[in-house]
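K.L.:
I would like to see how this sequence folds:
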Amino acid sequence: MSRFAWDSERAERTPEETLQVAREALAVLVAHRTILGFLAHANRAAGEPLVREAIRRCYATQVDIVQAMVDGDAEAARGWFGASMIDNMAAMLDLDEVDEPWAHVLGGRFS
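P.N.:
So this is what the prediction gives:
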């Protein structure tokens, strides 16, 4: 994510554009069902203290990267994480294959 967001064009992008680049980079990652499944299993296993601590460290790193991309704007970072979590859920449910209004909303498609 940081590699895509901090490329040579970073200085020319607004924070919103930078977040969109990072979101697109994350979409490439979660398109791999194995990685998406791993992330889902890790979150479900967060009741185990060692797993929970590892996930917290991972999120802490991600938050640092995203906040740096938006010049410390916590609200923008929360918005990015919220959109990313919806993207993950939409990918897990293959919502791009569901031609229903509710799936278009969650999958980001509009008719």
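
K.L.:
report the contact partners of the most centrally placed residue in the chain.
P.N.:
What sits nearest the mean C-alpha location of the chain, by C-alpha atoms, centre = their mean, is residue 84, with 3.1 Å. In this structure, residue 84 makes contact with 23, 26, judged by C-beta atoms under 8 Å, 6 or more residues apart in numbering. The C-beta positions use only the backbone N, C-alpha and C, and glycine is treated the same way.

K.L.:
measure it to residue 69 for me?
P.N.:
Distance, residue 84 to residue 69, using C-beta to C-beta, to the nearest Å: 13 Å.

K.L.:
can you name every helix or strand that the longest helix seen in the chain contacts?
P.N.:
With DSSP state H applied, the helix covering the greatest number of residues in the chain is identified as helix 49-69. Under the contact definition 3 or more C-beta pairs under 8 Å, 6 or more residues apart in numbering; DSSP states H and E, helix 49-69 sits against helix 2-5, helix 15-30, helix 33-44, helix 74-92.
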